[in-house]
Structure formats: C-alpha cells, structure tokens
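>>> Show me the folded form of this:
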Amino acid sequence: MTTKIFYLSINLFFFFSLIGKINAQETKFLTAGEFVNIIIFNENEVIIDVSEWADFKKKRIENATFAENSEQLKIILNNLDREQPILIYCADGTRSLTALSFVEDMQFLQIFVLRNGLNSWAENLFPIDKNKVKPQIEGRFDE
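Sure thing, here's the model as predicted:
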C-alpha cells in the first residue's frame, strides 16, 4: 500500500509540474540579436516602447507601440491576448524593468525585455525608425 501511495504521489508531482509549465510565465532578458529574432519569427508579437516621449519621438523600433506610463500600458495590454509575445524596451533598459513588473502582474505568458534597451539595438546596427511621429495622446503638446 505504501508503494502505491509513493508512485501515486510521484505521478501527481509530475502531472502538476507539467501543468505549471504549460501556463507558466516566461520572462526573458534578450540581447538585441535575440530580440530581433523574436520579431522576425513571430507573427503576433507586440512591441511596446516604454521610453519617455522625448526619446520615442526621436527614434524607435519600427512598429513599436508607445506607452509612456502605466495607464497607457494598461490600455494597450487590456486589448491583447495573454498568450501573445510581449516585447518591451526603452532607451537604456531602466524603464523596461518597471514595465516588466506591470506586464507580469497582468498575467501575460511570454514577456521579452531588450537588455540595455534601444542603445543595444543601435549598437548592433539594427534599423531604427526616425520618422516624425505625432503624439498618440490627446492634449500632449509637441514642440
């Protein structure tokens, strides 16, 4: 009888371990090369730039969505599937850490952060969008 209980508990352990892996959050800090591979090999990824407006309007990764603060980030994330890959970056990697905590709290399963931010992207000579952008927020005045 004790042997059966032992095997049953081992099976239950592996079963719950597997279930945990299926729904577990995956947060990865990526190099610029790894980050670009996620962009290239995924069709439904969402790139979110959490830089300050002054940085975002000068340069950004193409097709990035701008979220300068947690309210904007929440609006963006509320419209997404929790299983979509979320790619986060800022100018130097600092603001990304705050955003990461917020995205994890919202239970997204695949979260990728660009280590050292757009600085790393630029150092690797990946394309940077420098086209002029209009403010995405009503009431923001641009110089």
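>>> Now do the buried residues in stretch 78-90.
85-90 (16 or more other C-beta atoms under 10 Å). For every residue, glycine as well, the C-beta is placed using N, CA and C.
>>> Turn those residues into CSV, including distance to Gln107, pLDDT and secondary structure.
Converted to CSV, these look like this (distance: C-beta to C-beta, whole Å; pLDDT from 0 to 100; DSSP: H, G, I helix; E, B strand; the rest coil):
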residue, distance to Gln107, pLDDT, secondary structure
Pro85, 14, 95, strand
Ile86, 11, 96, strand
Leu87, 17, 97, strand
Ile88, 15, 97, strand
Tyr89, 21, 97, strand
Cys90, 22, 97, coil
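>>> tell me the two of those that are most distant?
Pro85 and Cys90 (17.7 Å; C-beta to C-beta).
>>> Just give the number of residues close to the closest residue to Ala67 other than its chain neighbours.
Sequence neighbours aside, Leu73 is the residue nearest to Ala67 in space, at 4.1 Å (criterion: C-beta to C-beta, 6 or more residues apart in numbering). Neighbourhood size, Leu73 [other C-beta atoms under 10 Å]: 21.
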